[in-house]
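Asker: Sequence first, predicted coordinates after that:
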Amino acid sequence: MSTVTTNPANNGAPAAGAGGTATASSPTFSPLYQQIKALITQSLQSGEWKPGELIPSEVELANRFKVSQGTVRKAIDELAAENLVVRRQGKGTFVATHSEARAQFRFLRLMPDAGDPHYADNKILEVKRLRAPAEVARLLEIKSGDSVVYIKRVQAFEQAPTIVEELWLPGAIFKGLTAERLVEYKGPMYGLFETEFGTRMIRATEKIRAVAADAATADLLNIAHNTPLLSVERVSYTYGDKPVEVRRGLYLTDRHHYLNELS
C-alpha cells in the first residue's frame with residue numbers, strides 16, 4: 001500500500017500520496033497505522049466519542065479512513081495498550097473511562113501488603129483558588145501567577161490515614177470545582193475531572209523519593225515526627241501531552257507498598 005499523509009481539510013481523512021515523496025513542508029512520514037492512530041486520537045480529544053461510549057467498528061473506521069482493516073486494528077492495538085480505549089469481547093471497542101473499576105487503581109499504585117486493593121476514604125481539608133507558584137506554573141505550562149485550584153486531602157484505608165496529598169489544577173479548566181463538589185462525588189477524583197470538566201488523565205510522570213514526616217504531616221497521619229514516608233510527585237497529562245495536574249503525595253508505607261509494573 002502506498003504511503004499516505006493526513007489531510008485535515010478533508011474531515012481528517014488520509015490523503016493518498018501518489019508518488020510517496022516528501023514535500024518541503026512535510027519532510028518526514030510516519031507509518032500508516034500511526035497516522036490512523038493520530039486521527040482516532042483527535043476524535044477522542046474532540047469529544048466525538050465520549051468516555052464509556054462504543055467507537056465505530058474496525059470495518060467502519062477502515063471505510064472512513066480508506067485504509068485496510070488490519071491498519072485500523074494495529075492503530076487500535078496501540079490505543080488499547082495506552083489505555084485510551086478498551087476492547088470487550090463480543091461487544092466492540094469503547095472509550096476508556098476512569099469510572100471503570102479496572103481503571104481506578106491505574107494511577108493509585110499504593111497496594112496493601114496483605115489482602116486485595118481497596119478504595120480509600122477521602123477527607124478534603126482545603127480547596128481554594130490561588131495564583132500559581134512559579135514551579136507549579138512551570139510544570140503546568142502556564143504563566144506564573146495564573147489561577148490554579150489547590151486541593152489538600154487525606155486518604156485513609158480501613159480508617160487508617162495513609163496518604164496526604166496536595167494537588168494543583170489549572171483554574172481555567174477547572175472552573176466551579178469546590179470542596180462541596182468533591183465531597184458529593186462518590187467515585188474516583190479522576191472520574192469527576194472526566195465527567196464534569198471534560199478532562200481525561202491519559203498518562204503521568206512521577207518522581208519518588210524517601211522523606212521524613214514534618215510535624216504537620218505527622219499530625220494528619222497520626223504518626224511520630226520524622227517517620228519515614230514515600231514522597232510521590234506527579235504531573236498528569238491529557239490528550240496532546242498537555243499537563244493538567246501537579247500532585248504531591250506523602251505515603252505511609254508501614255502496611256502498604258508502591259507497586260509499579262514494568263513492561
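Answerer: Looks like it came in fine. Keep in mind that what you see is a predicted model, and the values were worked out from it rather than measured.
Asker: and the longest helix seen in the chain, how far from the chain's centre?
Answerer: What stands out as the longest helix in the chain, according to DSSP state H, is helix 32-46. Chain-centre distance of helix 32-46: 17 Å, with C-alpha atoms, centre = their mean, to the nearest Å.
Asker: Let me know whether residue 193 touches residue 199 as I believe.
Answerer: Yes. Using C-beta atoms under 8 Å, residue 193 is in contact with residue 199, at 4.8 Å. For the C-beta atoms, the positions are set from N, CA and C on the backbone; glycine is no exception.
Asker: okay, and the common contacts of these two?
Answerer: Shared contacts of residue 193 and residue 199, defined by C-beta atoms under 8 Å, 6 or more residues apart in numbering, are found at 174, 244.
Asker: and residue 167, what element?
Answerer: Per DSSP states H and E, residue 167 falls inside strand 160-170.
Asker: I meant to write residue 126 there.
Answerer: Element membership for residue 126, per DSSP H and E: strand 121-131.
Asker: which helices and strands does that strand pack with?
Answerer: Judged by 3 or more C-beta pairs under 8 Å, 6 or more residues apart in numbering; DSSP states H and E, strand 121-131 is in contact with strand 147-157, helix 179-184.
Asker: Least confident of those, on average?
Answerer: With a mean of 92, helix 179-184 has the lowest mean pLDDT of those.
Asker: Pull the distance from the next helix or strand after it to the chain's centre.
Answerer: Later in the chain than helix 179-184, the nearest helix or strand by DSSP H and E is helix 189-197. Distance, stretch centre to chain centre, for helix 189-197: 11 Å (C-alpha atoms, centre = their mean).
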